[in-house]
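Colleague: Quick one, structure for this:
(chains A and B)
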Amino acid sequence: AQKVTQAQTEISVVEKEDVTLDCVYETRDTTYYLFWYKQPPSGELVFLIRRNSFDEQNEISGRYSWNFQKSTSSFNFTITASQVVDSAVYFCALSGGYNNDMRFGAGTRLTVKP
Amino acid sequence: DTGVSQDPRHKITKRGQNVTFRCDPISEHNRLYWYRQTLGQGPEFLTYFQNEAQLEKSRLLSDRFSAERPKGSFSTLEIQRTEQGDSAMYLCASSAALTPNTEAFFGQGTRLTVV
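Modeller: Reported below is the predicted structural model:
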């Protein structure tokens, strides 16, 4: 069975603080893919990143960085120097095999206050 | 057209009525997905198509739900005899099946309220 757990339901930070969103996953597949999506108040899910299970290299994109650790089945997302526009619900998702049916976590609502 | 388009954006219907939603994917994408999202939860997979073939259906998709993608382009999701529990956001996504598990791009969703 595949499962994604985002234990942090809500996080509130003040602008310019760094914040890390946790994601823990379970899967029996040896090949799988992990994703992060952002859902702003407008409702549309915005793709942020995809990683495959064979690539544990951490990735940085501007203020965003991702830490993938297979040993702890985690794929955490850090926003550096947060901004008010980062306020949104962030979802971690997992898919395995070829069918592409992503399994989403329950999401973490991030509020960045000015 | 640069994104996934869904219509309508909002639908209010009386319990027992049938509703139909439409999704137009990104034009070069041959994979199309339907998800359902309830308040405070992540999207839940319902079904997906590769071209016109419906390849997988979740057990969440009861016999009151049917989805089609007749020409491998747009798709429709119909819910018959709606129930209050069907109230949710219905999301459509598309992807290009170039490599396994290519990222999916989502539309803005259709919010269904059953009264």
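
Colleague: My guess is residue A:32 contacts residue A:54. True?
Modeller: No - using CB atoms under 8 Å, residue A:32 makes no contact with residue A:54, being 9.6 Å away. For glycine as for every other residue, the C-beta is placed from the backbone atoms N, C-alpha and C.

Colleague: Show me which of the two is the more surrounded one.
Modeller: residue A:32 (20 against 9; other CB atoms under 10 Å in any protein chain shown).

Colleague: And the pLDDT at the nearest residue in space to that one that is not next to it in sequence?
Modeller: In space, and not counting its chain neighbours, residue A:32 is closest to residue A:96: 4.1 Å by CB to CB, 6 or more residues apart in numbering or on different chains. According to the prediction, residue A:96 has pLDDT 80.

Colleague: Tally up the residues packed near residue A:96, please.
Modeller: 21.

Colleague: wait, what's in contact with it?
Modeller: A:2, A:27, A:29, A:31, A:32, A:33, B:101 (CB atoms under 8 Å, 6 or more residues apart in numbering or on different chains).

Colleague: swap the cut-off to 10 Å and go again
Modeller: Shown in contact with residue A:96 (CB atoms under 10 Å, 6 or more residues apart in numbering or on different chains): A:2, A:25, A:27-33, A:53, A:102-103, B:100-101.

Colleague: Of these, just the buried ones, PyMOL syntax please.
Modeller: The PyMOL command for the buried members of the contacts of residue A:96 (criterion: 16 or more other CB atoms under 10 Å in any protein chain shown) is given here:
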select buried, (chain A and resi 2+25+27+32+33+53+102+103) or (chain B and resi 101)
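
Colleague: Residues of chain B that sit close to chain A?
Modeller: Applying CB under 10 Å from any CB of the partner chain, we find that chain B lies next to chain A at B:3-4, B:6, B:9, B:31, B:33, B:35, B:37, B:40-48, B:50, B:55-58, B:89, B:91, B:93, B:95, B:97, B:99-109, B:111.

Colleague: Just the buried residues of those.
Modeller: Burial by neighbour count, judged by 16+ other CB under 10 Å, picks out B:4, B:6, B:31, B:33, B:35, B:37, B:42-48, B:50, B:57-58, B:89, B:91, B:93, B:95, B:101-109, B:111 from the residues of chain B next to chain A.

Colleague: Columns pLDDT and secondary structure on top of the contacts of residue A:96, output as a markdown table?
Modeller: Converted to a markdown table, those look like this (pLDDT from 0 to 100; DSSP: H, G, I helix; E, B strand; the rest coil):
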| residue | pLDDT | secondary structure |
| --- | --- | --- |
| A:2 | 85 | coil |
| A:25 | 96 | strand |
| A:27 | 92 | coil |
| A:28 | 89 | coil |
| A:29 | 87 | coil |
| A:30 | 87 | coil |
| A:31 | 87 | coil |
| A:32 | 90 | strand |
| A:33 | 90 | strand |
| A:53 | 90 | coil |
| A:102 | 84 | coil |
| A:103 | 89 | strand |
| B:100 | 61 | coil |
| B:101 | 66 | coil |
